[in-house]
Structure formats: C-alpha cells, structure tokens
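S.K.: mind looking at a prediction? Sequence and model below.
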Amino acid sequence: MAARALGLVLLLALAGLPFVPMAGMRQYTIHVLVQIFIWSFIGGAWALMGRFGLTSLGHGAFLGLGAYTSTLLWNSFGLTPWVGAVVAVLLTAGLAVIVAYPCSRFQVVGHYFGLVTLAVGEVVRLLIIAERDWTGGSLGLTVKPAGGDSVLALQFADRRVFYYGALVLWLAGLGVWRWVDRSMARSAMEAIGEDETAAASVGIHVTRFKVGITVLSAVLTAIGGIAYAQYISYVNPDTLAGIGVSLRIVFAVVLGGMYSLLGPTVGTALTIALAEYLRVLFGLKFIGMAETIYGLLLILFIIFLPAGIYGSARELFRRRRPAGRGGPRYGPPHPPDVRSAPA
Amino acid sequence: MIDPVFLAEAAINGLLLGGVLALLALGLNLIFGVIDIVWIAYVDLVMLCMYAVYFVVQVYGWPIWVGGLVSVALGALLGIAVHLLIISPILTSAPVNQLLATGGLLFFLQSFATFLWTTDHRSVRLALPRLEILDMPISVARLIAFALAIVAMLGLYLFLTRTYIGTAIRAVSQDREAMALMGANPQRVYVVTSAVGGAMAGLAAALLIIQYAVHPFFGAAFGPITFMICVLGGLGNMVGAFVASFIMSEVIAVSGVIWSTEMGYVIAFVVFIVMIFVRPGGILARRG
C-alpha cells in the first residue's frame, strides 16, 4: 500500500506542477516534462514488443508514418488531426501487419528481425525524403498554424494544455502496459519468446499473438508521433523516422529496463534530462561534445547495468529482502507484499 | 524512355560501387560470422580511418600509400580496442544489449568526430587521369578501388584457408563450444578476427577517401546498406556477401538513374526485406 500511496502523491505533484511558481524556469521545465511524457509513452509502446524478444530497430517507421499522415492531411486538406490520427492509426496498423505477418510466418527472429525492422525504418525515412514535393524532403514540414488556440487543430499557445494532454497520454500508455501485463497475451507471448515451436505445440496461435502485439505497439507509437508533431508543430524525416530515432527509443528503454512498468519512463526521463543538461552546459561552444558524452555514458551503462537502471535497482532492493520471495521476473513493479504494509 | 547509354553507364558505376561495398561488407561479415555480434558502428570506424588518410595525405603531404598503411594499422588497432573494451565484457549479454553497446559507440564516434573536425566535408584530391570507354566516363579512382578490393578479398580468402590462425577462425565460426573443447583459445581468435576486420575497415577507408568526401555522418550513409549486404549474403558467408554487394549496388545505381538516389536505396531495402523472407539463410544458402 505504501507504494500505491507514493504513486498517488507523485501523481498529484505532477498534476499541480504547472501552478508552482518557478520564476521564468516554468516554460522550460514544462517543455522538458512534455517531451519526457511523450517519449516515455513511445518507449513504453516499444517495450510492449521488446520485452517479448521482438527487438524492433525500426519504430521510427511507425513514428514517422503517424506524424506525417496527420500533418499532411491537415496541411493539404485541412483535415483535423483528430480524424487524421484515425487515418494514421489505420495506415500504421496496416504497415505493422505487412511487416509482422511475414516475419512471423517465415520465423524471422533475433538479429534478423532487428535488421528487417531497421530496413523498414530506413524505407520510410527515404520515401519521405524522396517525395520532397509534398513532404518537404529532408527540410521537414511545419504544421500549418490554425491562428490561435483550437481544439479542432490541436494547437494551443499555452504549453500547459500540452502538459496535461501528455500526462494523460503517458498514464494511458501505462494503463495499456498493465492491461497487456495482466492478460493471457502476456503468458502466450512469454511462451513464444522462450520457444516458438513448443508454444505452438500447446495450442498458442503464434502468428496471431505476434502480429497483434506488433500492431498494438506500432499504433501507440504512431499516436505518440502525432502528439509530438502537434506539440513541436514541425516534422522532420531525420528526427521522426529512420535509424537514429529508432535507436534512441531502444536506448532509453533498455537503459531504464524494459521488463517493468516504469522502466521505459525512468530511462526516457534520464536520457532526456541528460541530453538537456549537456546541451545547456555546453551550449554552442563545443558542438558535438554533449552527444559524445551521451554516447559514452550509453556504452558504460549497457556494459555495467545490463538489466537497466530501474531493473538493476529493483533487483538490488529485492536481494535485500528475506530469501524465498523472489517474485516473478516480469511481474508488476509493485507486487502486493503483506509484510511491507503498515501494521 | 531512358537512354540506354545512361543505363549502361549506371550499370558500370554500380559494378564499381559494388567493389567498394563488398570490401566494406567483408570485414563486417568476418566479425559477424566469427564473433556473432553486429558491429553497428563498423562503418564509423571506416569514417575515422578516412579522416586519418585525409590528415596524412592532404594536411601533412605524405603520399597516398603511406596514408593507406596508416589507415590499415589504425583500423587494426581500433578493431582490437573495440573488441577488448566493448565487446569482451558483453559477449554473453542479451543480443539487444550487444546491438546497443555498439550503437552507443556509433553515437560516440559520430559526435566526437563532429566535435573534433566539425561537419565539413573533406576529400583527398588525387590527380588521376580520366578514362572514357564508348563515350562513357569511367572514374579511375573507382576502378583502382575496385581492383584493390578484389585483391584484398583474395588475400583474405588465402589468409582464412591457408594459415593456421585462419583455419582456427573458420573453426570458431562453425562451432564455438567444440573449438574451446579442442583447446583453442577463443579470446585469441576473437582478437585476431577483430584486428583483421579492423584492418579491412582501414583498407576500405583508404579506397573510399579517393572517391567520396568524408564527414562525421559518413557511417550513417553507408552503414545500413553494409549490414543488409552481410545478411543478404548469409552471415559469415564471404562469397555470398560478395555476390550480394553487386546485386545491391546494381539495384541502387540503376534505379537511381531511373527514379532518384533515394528511391534507389528504397528499392534496395525492399529487395533486402523480401529476400530475408524468401531466403533467410542468404542468397547462396542451400535449401533444406
């Protein structure tokens, strides 16, 4: 219960944060937090697949497809991003099926799955660049301003609106994670991840589950991409598609730990905070230095904390407890523990 | 309709590009096949070696072959360093962690190069004669690179089949556990493999710098296509990778002329994806 109370306090703090006076720092803090919420949501979507051994290195494809679909529909036809999002979700789901179905049928797993998805990510990025007449190519595309606040256009001058929107999105992402975690799908996917043939032999429909989880992950990623595009009101093939952003998503999640509910959030928050800190520290003085340190830290983290920061911390915490209560490896982050309840 | 002369020219350019891609894929495929780890940052090591050649030749004024030797030596050293510092500690980790550690190296090398040398494009200018066959201009730099790439591949083949350590390398790539049981030291084989793979990167760098300008994001431009070639050829299958290089380079060059450069790469990637589904063991794999 203590953990639940702590979570509630944290949530209230997050909800009240925009009203705390921060003397000029408010806009910046809120900006960083919005980014953390959106990218944590995307990282969580990636982890839905990643935790079952489906290591996608091409989530940029879904991100880019989502963001560009809604932006292009709004810019060219004035279609509200709300409807655009539906179209984007349908397209992304289609792409996910096109990738996941043959991968599952032909048993493309491990390194090969990673490289196929990597190629898909590059295909989307290069297509966006190649179709520069209407996508703006590598220069990117600005979301056409609606002229003032508009719910229909999903554009607001006040960052706080985005803050609450992103907060809700992030919570919804955690909800989906928890829902999958407690469903039959999780047991089935774990069995498939361990041994596909054995899973099939006990009657698990391997292809259906694999395609299903990929579609879910891809669709959520696309929604994250749309949210990010609306917030930044600018889309670019290099920041929203291709190998760079795909690897960044994976990094953040693995850094945090992909087997736990809050792992992706912890990893994303840390990488974004680190990148922002280094950017502010070095400014325009040493171009590339911030990224250099970032890359170096990533290597060190992966060598020395292979289970991710959050995962390693939890393991350490668990080891201190009396023996005999190992708990499930993939279990919810706060297993009901009678002994830790207040007497 | 496109003039057939343009297509023929594209086909020849594709052939010459294929030589370079084959050389890039060769070193990566060796490491891939023996150590079973994808060095995502392999082409970024090539990029570092290209800078080395640039500085030796263009800034300090040494002849190009000195630059080439420096580049090969640097490549071998970098290969050993990457293996000992990054790969060794994570040999038994999950594949995703191995991918990400070398991916971290990619970020590191890219940004460190940006920090040291800015994003300017730098090239080595050699006074090479121009060659024309049937009114089609042929780049002599590419021709030399192509020829040297073929020689290097033959050299590697002889090294792997005719020397003791080469035989050990092939043995490890076939069965890691059995090799350890036979009393071979896998760590030594890994270090030698990494050094040879790195030296290949150095050689590729020396041949690439005479036809392409180097910049910190050079690895991002050639990296993905190099992996695709390795996988398409079949991991660890040298002949397969060789054939795959030419298939990919022809696809890129010819569709580049018909549509656009980006579309050339798009089609190459799509060919790769389809081939993975149809022939997962590589184009030369036996069915069964």
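M.R.: Structure received.
S.K.: next SSE downstream of the helix or strand where residue B:11 lies?
M.R.: Assigning secondary structure by DSSP states H and E places residue B:11 in helix B:4-35. Sequence order places helix B:42-54 as the next helix or strand after helix B:4-35, per DSSP H and E.
S.K.: summarise which helices and strands that next one is packed against.
M.R.: helix B:4-35, helix B:64-82, helix B:95-117, helix B:186-209, helix B:218-233 (3 or more CB pairs under 8 Å, 6 or more residues apart in numbering or on different chains; DSSP states H and E). No exception for glycine: its C-beta is placed from N, CA and C like everyone else's.
S.K.: mind checking those helices for the one nearest to chain A?
M.R.: The stretch from those with the least distance to chain A (CB to the nearest CB) is helix B:95-117; that distance is 3.2 Å.
S.K.: now find how far off-centre that closest one is within its chain.
M.R.: What separates the centre of helix B:95-117 from the centre of its chain is 17 Å, taken as CA atoms, centre = their mean, to the nearest Å.
S.K.: distance to residue B:50 added to the helices and strands packed on helix B:42-54, as a markdown table?
M.R.: What follows is the helices and strands packed on helix B:42-54, written out as a markdown table (distance: least, CB to CB, whole Å):
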| stretch | distance to residue B:50 |
| --- | --- |
| helix B:4-35 | 12 |
| helix B:64-82 | 8 |
| helix B:95-117 | 10 |
| helix B:186-209 | 4 |
| helix B:218-233 | 7 |
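S.K.: which residues does the residue nearest to residue A:209 when sequence neighbours are not counted contact?
M.R.: Sequence neighbours aside, residue A:188 is the residue nearest to residue A:209 in space, at 5.0 Å (criterion: CB to CB, 6 or more residues apart in numbering or on different chains). For residue A:188, the contacting residues are A:199, A:204, A:209, by CB atoms under 8 Å, 6 or more residues apart in numbering or on different chains.
S.K.: which of the residues you listed lies closest to residue B:53?
M.R.: Proximity to residue B:53 was ranked across the contacts of residue A:188 by CB to CB; first place goes to residue A:209, at 51.0 Å.
S.K.: tell me which helix or strand the closest one sits in.
M.R.: Secondary structure assignment for residue A:209, by DSSP H and E: helix A:206-232.
S.K.: show me what that helix is packed against.
M.R.: Counting contacts by 3+ CB pairs under 8 Å, 6+ apart, the secondary-structure elements packed against helix A:206-232 are helix A:26-50, helix A:59-77, helix A:81-105, helix A:159-181, helix A:184-194, helix A:196-201, helix A:237-240.
S.K.: and the angle from that helix to helix A:159-181?
M.R.: 170 degrees (axes from the mean of the first three to the mean of the last three CA atoms, to 10 degrees).
S.K.: shaky segments in the chain?
M.R.: No chain specified, so I'll use chain A. Counting by pLDDT under 70, chain A contains low-confidence ranges at A:1, A:21-24, A:284, A:319-343.
S.K.: chain B was what I was after
M.R.: Of all residues in chain B, those with pLDDT under 70 make up the ranges B:1-2, B:127-131, B:133-137, B:280-281, B:284-288.
S.K.: let's see that with 50 instead.
M.R.: Across chain B, the stretches falling below the confidence threshold (pLDDT under 50) are B:287-288.
S.K.: run a quick neighbour tally on residue B:274.
M.R.: One way to gauge burial is a neighbour count; for residue B:274, by other CB atoms under 10 Å in any protein chain shown, it gives 11.
S.K.: what parts of the stretch 201-343 of chain A come near chain B?
M.R.: Among all residues of the stretch 201-343 of chain A, those adjacent to chain B (criterion: CB under 8 Å from any CB of the partner chain) are A:243-244, A:247, A:250-251, A:254, A:286-292, A:294-296, A:298-299, A:302-303, A:306.
S.K.: mind checking which of those land in helices?
M.R.: Secondary structure assignment by DSSP state H places A:243-244, A:247, A:250-251, A:254, A:289-292, A:294-296, A:298-299, A:302-303 of these in helices.
S.K.: what does the stretch 51-200 of chain B have sitting close to chain A?
M.R.: Residues of the stretch 51-200 of chain B lying near chain A by CB under 8 Å from any CB: B:86, B:89-90, B:93-97, B:99-101, B:103-116, B:118.
S.K.: any of the residues you listed buried? List them.
M.R.: Taking 16 or more other CB atoms under 10 Å in any protein chain shown as the criterion, what is buried in those is B:86, B:90, B:93, B:96-97, B:99-101, B:103-115.
S.K.: residues contacting residue B:98?
M.R.: Shown here is residue B:98, whose contacts under the criterion CB under 8 Å, 6+ apart are B:37, B:38, B:87, B:90.
S.K.: again, only using 10 Å
M.R.: Residue B:98 is in contact with A:111, A:302, B:35-40, B:86-87, B:90-92, counting by CB atoms under 10 Å, 6 or more residues apart in numbering or on different chains.
S.K.: ok, the most centrally placed residue in chain B - contacts?
M.R.: Residue closest to the mean C-alpha point of chain B, counted by CA atoms, centre = their mean, is residue B:24 at 1.3 Å. Remark: with contacts taken as CB under 10 Å, 6+ apart, residue B:24 is in contact with B:42-43, B:46, B:149, B:200-201, B:203-205, B:207-208, B:222-223, B:225-226, B:229-230, B:241, B:245.
S.K.: just residue A:60 next, same as before
M.R.: A:117-118, A:120-122, A:124-125, A:221, A:225, A:237-249.
S.K.: mind redoing it with 7 Å?
M.R.: With CB atoms under 7 Å, 6 or more residues apart in numbering or on different chains as the criterion, the residues that contact residue A:60 are A:121, A:124, A:125, A:240, A:241, A:242, A:245, A:246.
S.K.: equivalent analysis for residue B:51, please.
M.R.: With contact taken as CB under 7 Å, 6+ apart, residue B:51 is in contact with B:113, B:117, B:214.
S.K.: likewise for residue A:51?
M.R.: Counted by CB under 7 Å, 6+ apart, residue A:51 has contacts A:258, A:259.
S.K.: do you know how far it is from chain B?
M.R.: Using CB to the nearest CB, to the nearest Å, one gets 10 Å for the distance from residue A:51 to chain B.
S.K.: one more: residue A:131?
M.R.: With distances taken as CB to the nearest CB, residue A:131 is found 9 Å from chain B.
S.K.: burial measure for that residue, as a count.
M.R.: That count, for residue A:131 with other CB under 10 Å as the rule, works out to 16.
S.K.: excluding covalently adjacent residues, which one is nearest to it?
M.R.: residue A:137 (7.8 Å).
S.K.: how about residue A:66, what does it touch?
M.R.: With contacts defined as CB under 7 Å, 6+ apart, the neighbours of residue A:66 are A:88, A:92, A:221, A:222, A:223, A:225, A:226.
S.K.: swap in 6 Å and give it another go.
M.R.: Applying CB atoms under 6 Å, 6 or more residues apart in numbering or on different chains, we find residue A:66 in contact with A:88, A:92, A:222, A:225, A:226.
S.K.: same thing with residue B:272?
M.R.: A:119, B:228, B:232.
S.K.: emit the ChimeraX select command for whichever of those are buried.
M.R.: Of the contacts of residue B:272, the buried ones can be selected in ChimeraX as follows, counting by 16+ other CB under 10 Å:
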select /A:119 /B:228,232
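S.K.: where's whichever residue of the stretch 101-250 of chain A sits closest to chain B relative to residue B:266, distance?
M.R.: For the stretch 101-250 of chain A and chain B, the shortest gap (CB to the nearest CB) falls at residue A:130, measuring 3.7 Å. The spacing between residue A:130 and residue B:266, counted by CB to CB, to the nearest Å, is 7 Å.
S.K.: more neighbours: those two, which one.
M.R.: Neighbours around residue A:130 and residue B:266, counted as other CB under 10 Å, are more numerous at residue B:266. The numbers are 23 against 19.
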